[in-house]
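>>> Build the 3D model from these lines:
(2 chains, ligands or ions: 2)
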Amino acid sequence: MNTAEAYEANEATDTHSLEMLRVQDLHAFYGESHILHGVNFNVKRGELVTLLGRNGAGRSTTLKSIMNMVGRRTGSIVINGNETLHMKPHHIPRLGIGYCPEERGIFASLDVHENLLLPPTVRSGGMSLDEIYGMFPNLYERRKSQGTRLSGGEQQMLAMARILRTGARLLLLDEITEGLAPVIVQKLAEVLVQLKERGMTIVLVEQNFRFAAPLADRHFVMDHGQIVEEISAAQLPSRREHLNTMLGV
Amino acid sequence: MTMIFGVPLAVFMGQLTLGLVNGAFYALLSLGLAVIFGLLKIVNFAHGAQYMLGAFAALLGFRYLGINYWLALILVPLVVGGFGMLMERFLLRRIAHLDHLYGLLLTFGLALIFEGTLVNFFGVSGARYTTPEALQGGMNLGFMFLPTYRAWVLVAALTMCLFTWFMIERTRLGAYLRAGTENSQLMQAFGVNVPLLITLTYGFGVALAAFAGVLAAPLYPVSPTMGSSLLIVVFAVVVIGGMGSILGAILTGLGMGVIEGLTKVYYPEASNTVIFLVMILVLMLRPAGLFGKEA
Ligand SMILES: Nc1ncnc2c1ncn2[C@@H]1O[C@H](COP(=O)(O)OP(=O)(O)OP(=O)(O)O)[C@@H](O)[C@H]1O
Ligand SMILES: [Mg+2]
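Ligands and ions are numbered 1, 2, ... in the order given. From the prediction side, this is the model:
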C-alpha cells in the first residue's frame, strides 16, 4: 500500500480527504519569466472543474506546474493529502494523476496500440483495454496505424484513452476539444460524463465554454497568472454575460 | 578460373567477406551511437574509446585473470557498460541541461583521457589477442577460403544487431526508449523514471561498443588508438544512414562495409575515402540521411 492509499483508508471520513487537489499561492517560472503569480484553487473528489481564461492567461502552465514540468515553482500543491512541490516529476503521476497535454503528445514512433499501452499503471482499478476500445471504437479499428497518422480527433481520443488505462483518479485535461469537429466534441462530452459517473476528478482547461458549461461543477477564471473568479454551476446563468466579457468572447 | 569484372572470384569473395566483417563493426557501433543520440541528444565521442576499452578488457582479462574469450564476450560488455552508466550518472547528467555541444566536448575529453592513460601504460603498438581455438582455421567453400573467425564475427555481430532491434522495436522497455526519444518530458508526466532510462540507455550503447571491441580483439591489433580512427568512419556511416531508424543503421553499416571492400578490389586507391565520398553525395541529395526523417 503506498502512502496515498494509506491516507485514503485512514482518513476517508475526514473532511480533508474530500479534497483531491489543493493549490495554494502557486508561483511558476520558465527561466526568468514569472508566469503564475499566486494561484489558489481546490478540487473536491469526484468534482469536474474548469480553468477558463484568455490565451496566455496561464492555464496550461497551471497544469504543467502540477506535473512539475515547468522551470521552478513555489507555493503548495497538495494532491490526495501529499505535498508534491518537492517531488520528482515521475513520482507525481504515481499519486494517481493522468495528464493530457495541450499538444496531445501522440508518439510517432509507436503505433496506436503501443501509444495506448505506453503510460505505466499508476494505480489499480484502471479501465481495461476492452472497455477503452469499447468507448473509442475508432481506435480499435486503427490500432495498427502509426500514432500520428490518426486524424486530429482520433489523436485526441487516443491521448485521453491512454490515461484511462493507468488507474489515474485525477485527470488534468488541456484543451481537449481544440480544433475538433462538433460530433467529436459531442463524443468527448459523453466520455467526460461517463468518467464523472465512475468517480473521477477532472480539471478541464477549456476555450469552448459551450462544451464545458453543462459538465462542470465549478469554473475558475484565470487572468495574468492568477485565479480571478470562481463561479459555481448554479451561479452560471446569472453570470454568463459577465463571464463572456471577461473571456473576451 | 571464374572472373567477376576481370577479378578472380576468390579474390572478389574474399574482399566481400572482409567488407561485410568491417560493415558488421560499423553497424554495431553506429547502432550504439544512434541509440545514445536518440535519447540523450549527445554525440558520444567516447564511443571509439569504449570500443577500445572492450578490446583491452578482453586482452587484460585474459592475461591477468585468465578470463577466456567466451566469458569475455559476456562479462566485458557488462563491465564496460556499467562503467558507462557511472559516466552518465556522475558526469553527463551534470551537463544534460546545457547545450548538447558540451556533451560532445565532455565525451571527447574522456576519450582522450582513456586513450592517453592506456598509451602511458601499454604504448601505441598493438598487442595480439589469440583467436579462441574453436574459431581458428577456416573452411574451403570451393570458390573461396572462409576464415572461421570472420564468419563468426559476422554471425555474432548481426545477432547482436537483431537482438537490439528486437529490444527497441518489440518490447515495452523499447517503447519507453522510442517515446522518450520523442518527448522525454511527457514520459516523466506518465510516471516513467526518465533519468534511470537515460542511464540504462547510455550503458547499453556503451556495452554494444564494448561487445564490438571484444569481437575485434582477435582480428585487429589491440592498441589504445584502435577506436579513434574507426570512429571517424562510423560517424560518416551514421551521417549516411541518418539517425532515424535502427534497421537503417544496421543496413547502412553493412552496406558501407561492402562498398569499401569492393572499392578495394576495383580501385584500391579510393578504398579509404569512398565512404566519405558517399557521405558527401548523401548530404547533397538527402541531408537527413538515407533512413533519416526529412525535417
Ligand atoms: N516554455 C515557455 N517558456 C517561456 N514562457 C512560456 C512558456 N510556455 C508558456 N509561456 C508563457 O506563459 C504564459 C502562459 O502560457 P500558458 O500556456 O499557460 O497559457 P494558456 O492560458 O494555456 O493559453 P493558451 O493555451 O490559450 O495559449 C504565456 O504568456 C506564455 O507566453
Ligand atoms: Mg494552454
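>>> Checking the closest residue to ligand 1 within the stretch 1-150 of chain B next. Helix, strand or coil?
Residue nearest to ligand 1 within the stretch 1-150 of chain B: B:His97 (14.2 Å; CB to the nearest ligand atom). All C-beta atoms are positioned from the backbone trio N, CA, C, and that covers glycine. The three-state label given to B:His97 by DSSP: H, G, I helix; E, B strand; the rest coil is coil.
>>> So which bits of the top helix by length along chain A are buried?
When chain A is parsed with DSSP state H, its longest helix is helix A:182-197. For helix A:182-197, the neighbour count (16 or more other CB atoms under 10 Å in any protein chain shown) marks A:Ile184, A:Val185, A:Lys187, A:Leu188, A:Ala189, A:Val191, A:Leu192, A:Leu195, A:Lys196 as buried.
>>> Heading C-terminal from it, find the next helix or strand.
On the C-terminal side of helix A:182-197, the closest following helix or strand by DSSP states H and E is strand A:201-205.
>>> on that earlier part again, which strands and helices sit next to the longest helix of chain A?
Here helix A:182-197 touches helix A:152-164, strand A:201-205, helix A:209-212, going by 3 or more CB pairs under 8 Å, 6 or more residues apart in numbering or on different chains; DSSP states H and E.
>>> hey, least reliable of these by pLDDT?
Here the lowest mean pLDDT among these goes to helix A:209-212, at a mean of 87.
>>> Now do that one: distance to the chain's middle.
15 Å (CA atoms, centre = their mean, to the nearest Å).
>>> Stretch B:19-27 too?
With CA atoms, centre = their mean, you get 9 Å for stretch B:19-27.
>>> Using CSV, write down the CA coordinates of that stretch.
Taking C-alpha atoms only, stretch B:19-27 is exported to CSV below (Å, rounded to 0.1, in the frame of the first residue of the first chain):
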residue,chain,number,x,y,z
GLY,B,19,33.8,-5.8,-46.3
LEU,B,20,30.9,-7.5,-44.6
VAL,B,21,33.0,-8.0,-41.4
ASN,B,22,34.0,-4.4,-41.4
GLY,B,23,30.4,-3.5,-42.1
ALA,B,24,29.3,-5.5,-39.1
PHE,B,25,31.5,-3.4,-36.9
TYR,B,26,30.2,-0.2,-38.4
ALA,B,27,26.7,-1.5,-37.9
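>>> I'd like to check what contacts that stretch. Which residues are they?
B:150, B:153-154, B:157-158, B:161, B:212, B:215-216, B:219, B:230, B:233-234, B:237, B:249-262, B:264 (CB atoms under 8 Å, 6 or more residues apart in numbering or on different chains).
>>> low pLDDT regions in chain A?
Along chain A, the parts satisfying pLDDT under 70 run over A:1-17, A:249.
>>> how about the residues of it near chain B?
With CB under 8 Å from any CB of the partner chain as the criterion, chain A meets chain B at residues A:67, A:69, A:89-94, A:99, A:101, A:105, A:107-110, A:114, A:117-120, A:122, A:163, A:166.
>>> List only buried entries from those residues.
Using 16+ other CB under 10 Å, the buried ones in the residues of chain A next to chain B are A:67, A:69, A:89-90, A:92-94, A:99, A:101, A:105, A:107, A:109-110, A:114, A:118-120, A:122, A:163, A:166.
>>> Just to be careful, could you list which of these are in strands?
Filtering these for membership in strands, criterion DSSP state E, returns A:Tyr99.
>>> what would the buried residues of helix A:182-197 look like in JSON lines with distance to ligand 2?
As requested, the buried residues of helix A:182-197 are exported to JSON lines (distance: CB to the ion, whole Å):
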{"residue": "A:Ile184", "distance to ligand 2": "19"}
{"residue": "A:Val185", "distance to ligand 2": "17"}
{"residue": "A:Lys187", "distance to ligand 2": "22"}
{"residue": "A:Leu188", "distance to ligand 2": "17"}
{"residue": "A:Ala189", "distance to ligand 2": "20"}
{"residue": "A:Val191", "distance to ligand 2": "21"}
{"residue": "A:Leu192", "distance to ligand 2": "18"}
{"residue": "A:Leu195", "distance to ligand 2": "21"}
{"residue": "A:Lys196", "distance to ligand 2": "23"}
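>>> B:Gly14 is in contact with B:Pro8, correct?
No. Look at B:Pro8 against B:Gly14 with CB atoms under 8 Å: they stay out of range, at 9.3 Å.
>>> of those two, who's got more company?
B:Gly14 (19 against 15; other CB atoms under 10 Å in any protein chain shown).
>>> How about that one: what's its closest non-neighbour residue?
B:Met144 (6.0 Å; CB to CB, 6 or more residues apart in numbering or on different chains).
>>> Surely A:Ser52 is in contact with A:Phe220?
One thing to correct before we go on: residue A:52 is Leu, not Ser. Yes. Using CB under 8 Å, A:Leu52 is in contact with A:Phe220, at 7.0 Å.
>>> got any ranges where chain B has weak pLDDT?
B:1, B:244, B:294-295.
>>> Could I get the full set of strands for it?
According to DSSP E, the strands that chain B contains are B:3-4, B:7-8, B:138-140, B:145-147.
>>> Figure out the helix or strand that the residue nearest to the spatial centre of chain A lives in.
Most central in chain A under CA atoms, centre = their mean is A:Leu172, positioned 1.2 Å from the mean C-alpha point. Using DSSP H and E, A:Leu172 sits in strand A:170-174.
>>> what ranges do the helices span in chain B?
Under DSSP H, chain B gives helices at B:9-40, B:47-65, B:69-90, B:100-122, B:148-170, B:172-182, B:184-189, B:194-216, B:226-241, B:246-266, B:274-285.
>>> Any residue of the shortest one touching ligand 1?
It stands for helix B:184-189. No. Counting by CB under 6 Å from any ligand atom, ligand 1 has no neighbours in helix B:184-189; the shortest distance is 10.6 Å.
>>> quick one: contacts of that helix?
A:67, A:69, A:89-90, A:92-93, A:99, A:101, A:105, B:39, B:176, B:179-180, B:194, B:197-198.
>>> what sits up against the one helix or strand A:Ser65 maps to?
Assigned by DSSP H and E, A:Ser65 falls within helix A:59-66. With contact meaning CB under 8 Å, 6+ apart, helix A:59-66 is reached by A:21, A:23, A:26, A:28, A:30, A:35-36, A:39, A:51-53, A:70, A:73, A:77, A:79, A:84, A:92, A:97, A:99, A:102, A:172, A:174-175, A:203, A:205, A:222, A:225.
>>> thinking again about what came up before, neighbouring strands - and their directions - for the strand holding A:Leu172?
strand A:97-100 (parallel), strand A:201-205 (parallel) (DSSP bridges).
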